[in-house]
Structure formats: structure tokens, C-alpha cells
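1. Sequence and predicted structure, then a few things I'm wondering about:
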Amino acid sequence: MAESTQIEVRELKPSLLPDYLSLFDRAFSDFPDWAGCYCGFYDTPASPTDWDAGPKAGPEHREARIKRISAGKVQGLLAYIDDKPVGWCNAQPRTSFVNMRSYRVALTDPGELVGSIMCFVVAPEQRGKGVCTSLLRAACETFRHAGLHVAEGYPTTDSQKRFGNIPWAEANYKGPLNVYLKNGFAIHRQLERFAIVRRQL
């Protein structure tokens, strides 16, 4: 990350809805197949086969996120460079997710005070500037201030099997394993296609 790049991280609030939409409206310009996601996948109580991340479903997902964010029902972090939103991290207490889907395997002890880092989105033109790292560190601090004991992430370790031939950034939307390891996380469990990584807070 260039020393001149100043990254600010803010917790999502209803007042930041325009920034959230501004980021997601352009976040997948390099991979339109996910352009309609709007990061609602884990907050929707449906089966994985019912979810369409493509542009046709975008308006429906966008409207759903507008309603949830406006009602204060969405947690996470927005990253800014020069006061413009450039990144997002879906980070919240593990118990807050409506549907963890295939990551439900992490729930070996549902009573643990765990914060889950579910996904990252960084604007294509801002990648490689340390946005993901800044969001990860801020997520850990947010969890610690909330009284959680563990930060947990789910980086993909076999993107070829899990996603096939899609761009690197999208294949690593859980956050690259090396970024976790460089920031105090360790592999807690290694599964077939992803790892559960943890850091004590």
C-alpha cells in the first residue's frame, strides 16, 4: 500500500446507505455475473439455489438492502479513500446472520462470542492498496469493542474447485488467507475448500 493512501473505515449506519449503494452499483464492473449481489446472500433465509447474484436480480436485491439498511438491520464496515466509498466488509456477530449457508459448519459451539467476517468487496480501481487489510483490522476492533472474544473468517483455499475460472478478487471474496495470517489469525480448521481462521480478541 502506498504511504500516501489514507484509508478510513466507518461502521455502516442508515445515513451511509447512499455510500453503500454507490459502492455496490459499480463493485462488480469487472465481473457482471455478481453485479446483482448487494451482499444480501447471508441475510436471506433461502436455499443457495434460490439466490441469483446476476444483474437481472440486482434491482430486487438492491431494494431489499435499502429496506434492511434503512431499518438499521445490516451491520458491516465501509472503507473510504478521499471520502469516497471503496470497500465493504460484512462483519458482524456470528449469531446475527440470518443464514450462514455452507459456513454453518463453523457452529460447533453456538454460544461462543464470535464475530464472523463473511465477505469483502473492494472497488476494482482500488485493489492492491490495503483496503482489505484495513477492513479486517477494523472488524477485529469492532468485535472487541462489542465484547466478542473471537474473530473468525472463512477464506477459500481451493478456489478452482469452489468457483471455477472466475477473477481472483471474486474467488477470494472471503478475504485472502495470507491477509488473515499476516494479521494475527491462525487456521482453526481446514476443510475441503476453505479454512476457518481465528484470532483471539
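-> Looks like it arrived, so ask away.
2. so who does residue 24 touch?
-> By CB atoms under 8 Å, 6 or more residues apart in numbering, the contact set of residue 24 is 37-39, 62, 65, 88, 121. C-betas here are computed from N, CA, C, even on glycine.
3. The residues you listed into TSV, with extra columns for pLDDT and neighbour count?
-> Shown next, in TSV, are the contacts of residue 24 (pLDDT from 0 to 100; neighbours: other CB atoms under 10 Å):
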residue	pLDDT	neighbour count
37	93	25
38	96	29
39	94	23
62	96	16
65	96	21
88	98	25
121	97	26
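4. Now intersect these with the helices, please.
-> The helices, defined by DSSP state H, take in 62, 65 from these.
5. So which residues of this structure form helices?
-> For the chain, the helices defined by DSSP H cover 17-24, 58-70, 131-145, 159-163, 168-171, 177-181.
6. most packed of the ones you listed?
-> Comparing the helices of the chain by mean neighbour count (mean count of other CB atoms under 10 Å), helix 131-145 ranks first with a mean of 20.
7. could you say what helices and strands that helix packs with?
-> On a contact count with 3 or more CB pairs under 8 Å, 6 or more residues apart in numbering; DSSP states H and E, helix 131-145 meets strand 7-11, strand 77-81, strand 84-93, strand 114-122, strand 150-153, helix 177-181.
8. Report all helices and strands that the shortest one contacts.
-> Okay, so that is strand 150-153. strand 114-122, helix 131-145, strand 195-200.
9. Convert the C-alpha atoms of the first one to CSV, please.
-> To tie it back to what came earlier, the one meant is strand 114-122. C-alpha atoms of strand 114-122 as CSV (Å, rounded to 0.1, in the frame of the first residue of the first chain):
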residue,chain,number,x,y,z
VAL,A,114,-17.7,-14.9,17.9
GLY,A,115,-17.6,-12.2,15.3
SER,A,116,-17.8,-13.5,11.7
ILE,A,117,-16.0,-11.9,8.8
MET,A,118,-18.2,-13.1,5.9
CYS,A,119,-17.0,-11.2,2.8
PHE,A,120,-15.1,-8.3,1.4
VAL,A,121,-15.8,-6.2,-1.6
VAL,A,122,-13.2,-3.7,-3.0
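10. quick check: angle from that strand to helix 17-24?
-> Orientation check (axes from the mean of the first three to the mean of the last three CA atoms, to 10 degrees): strand 114-122 against helix 17-24 gives 60 degrees.
11. What strands line up against strand 114-122, and which way round?
-> Paired neighbours of strand 114-122 in the sheet (DSSP bridges): strand 84-93 (antiparallel), strand 150-153 (parallel).
12. Comparing the helices of the chain by mean pLDDT, which bottoms out?
-> Among the helices of the chain, helix 159-163 has the lowest mean pLDDT, at a mean of 63.
13. any weak-confidence spans in the chain?
-> 1-4, 46-49, 159-164 (pLDDT under 70).
14. could you redo the last one with a cut-off of 80?
-> The chain contains residues with pLDDT under 80 at 1-5, 46-51, 159-165.
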